[in-house]
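# Sequence and computational prediction follow.
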Amino acid sequence: MESVVGDLTDPDVFRAALDGIEAVLLMWPLLDSAPAHALLTPLRSAAPRVVYLSSSAVDDGRARQSDPIVQVHADMEALLDEAGLRPVVLRSDTLASNVRGWAAQLRAGDVVAGPDIARTAVVDERDVADAAVRVLLPDGDRFGRGPHVLTGPDLLGRADQVARLGAVLGRRLRFEAVPADVARTRMLADGRPEELVAALVAASTRRPESDRVTEGVRRLTGRPAGTFAQWAADHADEFR
Ligand SMILES: NC(=O)c1ccc[n+]([C@@H]2O[C@H](COP(=O)([O-])OP(=O)(O)OC[C@H]3O[C@@H](n4cnc5c(N)ncnc54)[C@H](OP(=O)(O)O)[C@@H]3O)[C@@H](O)[C@H]2O)c1
């Protein structure tokens, strides 16, 4: 396997990386879709199969999305579509891997403090990766362009995730919901950029509760989505 290291928003790096490539899984971890315009020409000339990793929180019924992070995903989907790239869209729910952000707190004590976000059907990122591989392959066409909504099997709040992690670690862990303004101050003190902090706080206060568990992972991979408990068991050592 060959890898290229570079800034995703640099069209020259991007063009070079596309050389000889037949399929692209595009992820956009930025808070602004504008720099993606510069990638459209290289993508059009290389003409790979494009799969975009979006968010399950995108609501097609809304003109404006709930918060800046979801808005960027909706904008990226529209941008790629309007550019004629015919993207296959995977809309992922909250990744289980987000809880890695708790590792330092869990090494220091039994409390995870943070903003409480609405319950979502947390999905194992390995399932998202497997689903992406399925649609990236040449015969992935048969699944259509989606959007394929990828969720885990259970709707979980932060406290549920902390409890499941505690069960695996054999510890009585507790989640402590922190008000948005306190969370904001703490994240800024941790050195996180102001724009990111604003987006995370908006996501925690404005994103609606999800009531949706889908068969998306099973449809694409042929097997059921993994549970968060299994993810926790597989990654327990990272929290010890
Ligand atoms: N987390 C979720 O719950 C969730 C849900 C739905 C969709 N997604 C999507 O899934 C993807 C992964 O999510 P995540 O939460 O794991 O993201 P993340 O923790 O923010 O990681 C983003 C990765 O992208 C790299 N990156 C950032 N800016 C870049 C740039 N300009 N050029 C090249 N690389 C850059 C970062 O590299 P450095 O470490 O070097 O900065 C980091 O490795 C994202 O595209 C996100 O939009 C995530």
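Now that the structure is in, tell me what you want to look at.

# mind checking the longest helix of the protein?
helix 68-82 (DSSP state H).

# packing partners for that one?
Packing partners of helix 68-82 (3 or more Cβ pairs under 8 Å, 6 or more residues apart in numbering; DSSP states H and E): strand 49-55, helix 194-206. Using the backbone N, CA and C atoms, a C-beta is placed for each residue, glycine as well.

# In the helix or strand just after the longest one, which of the residues would be classed as buried?
Note on helix 194-206: by DSSP states H and E, the next helix or strand toward the C-terminus is helix 216-221. Within helix 216-221, the residues scored as buried using 16 or more other Cβ atoms under 10 Å are 216-217, 220-221.

# so which of the residues you listed are also by the ligand?
Taking Cβ under 6 Å from any ligand atom as the test, the ligand is in contact with none of those.

# would you turn those residues into TSV with pLDDT?
Formatted as TSV, those follow (pLDDT from 0 to 100):
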residue	pLDDT
Gly216	98
Val217	98
Leu220	98
Thr221	98
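
# quick one on the thing from earlier: mind checking the helices and strands packed on helix 68-82 for the one nearest to the ligand?
Judged by Cβ to the nearest ligand atom, the one of the helices and strands packed on helix 68-82 that comes nearest to the ligand is strand 49-55, at 4.3 Å.

# and the closest one, does that touch the ligand?
Yes: Strand 49-55 is in contact with the ligand by Cβ under 6 Å from any ligand atom, via 53, 55.

# Okay, angle between that strand and helix 68-82 too, please.
Angle between the axes of strand 49-55 and helix 68-82 is 160 degrees (criterion: axes from the mean of the first three to the mean of the last three Cα atoms, to 10 degrees).

# from the middle of its chain, how far away would strand 49-55 be?
Strand 49-55 has its C-alpha centroid displaced from the chain centroid by 11 Å (Cα atoms, centre = their mean, to the nearest Å).

# how far away is Leu39 from the ligand?
Leu39 sits 11 Å away from the ligand, going by Cβ to the nearest ligand atom, to the nearest Å.

# er, Gln71 I mean
Gln71 sits at a distance of 12 Å from the ligand (criterion: Cβ to the nearest ligand atom).

# what does Ser56 give?
Taking Cβ to the nearest ligand atom, one finds Ser56 at 7 Å from the ligand.

# residues in contact with that residue?
Each residue near Ser56 by Cβ atoms under 8 Å, 6 or more residues apart in numbering is listed here: 91-93, 120-121, 149-151, 210, 212.

# which among those are in contact with the ligand?
Filtering these for proximity to the ligand by Cβ under 6 Å from any ligand atom leaves Ser92.

# I'm done for today, thanks for sticking with me.
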